[in-house]
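>>> Just to be clear, the model below is a prediction. Sequence and coordinates:
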Amino acid sequence: MLKIGKSNNAYDTLGLPRSVTGTQIRARYRQLIRGYKRELAPRDLLNDRQFREWTNAYLLLLGPQRKEYDRRLRANRGREQPADLLAQLPEGRRLLIQAEAAFLQRKFNDAIELGRA
């Protein structure tokens, strides 16, 4: 896997090559989230810029719009920041993302509370 540097696109944001598979995307996202700012409450993660960038890249690369995004990347010489997909999600889906982050950070009580919400 590549190191994370200045991100020009969703692949750079996660530090992945363009030939990456869905399984590799999930594994890398989970690896990044697992140790990230454990002092933040899971509900506050959505306000964190880095967490939002990683999550938007993750949602884009695993979503149905990946092929279109790849086409735009080729046309724009690899520079195409992902849109803010988190803002477009319903509240329930955002709660699930927060619950998953809490679970990955081993904050199990918070994960259960968010899952119930």
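Happy to help now that I have it.

>>> host element of the residue nearest to Leu45 when sequence neighbours are not counted?
Counting by CB to CB, 6 or more residues apart in numbering, the nearest residue to Leu45 once its immediate chain neighbours are dropped is Phe51, at 4.7 Å. Backbone N, C-alpha and C define where each C-beta goes, glycine included. For Phe51, the enclosing helix or strand under DSSP states H and E is helix 49-62.

>>> so for that helix, what's the average pLDDT?
Summarised as a single mean, pLDDT over helix 49-62 is 93.

>>> Run through who's touching that helix.
By CB atoms under 8 Å, 6 or more residues apart in numbering, the surrounding residues in contact with helix 49-62 are 7, 10-11, 13-14, 16, 20, 22, 25-26, 29, 32-33, 36-37, 45-46, 66, 69, 82-86, 89, 97, 101.

>>> what about Ser19, neighbour count?
7 (other CB atoms under 10 Å).

>>> Thought Glu113 was touching Arg43, still the case?
No: taking contact to mean CB atoms under 8 Å, the distance of 9.3 Å between Arg43 and Glu113 leaves them out of contact.

>>> Mind checking the pLDDT average for stretch 98-117?
Taken as a whole, stretch 98-117 has a mean pLDDT of 89.

>>> circling back to that earlier point, out of the contacts of helix 49-62, which end up buried?
Restricting these to buried positions leaves 7, 10-11, 13-14, 16, 20, 25, 29, 32-33, 36, 45-46, 69, 82, 85-86, 97, 101, with burial counted as 16 or more other CB atoms under 10 Å.

>>> Give me the subset of those lying in helices.
Using DSSP state H, 10-11, 13-14, 25, 29, 32-33, 69, 85-86, 97, 101 are the members of the buried ones among the contacts of helix 49-62 that sit in helices.
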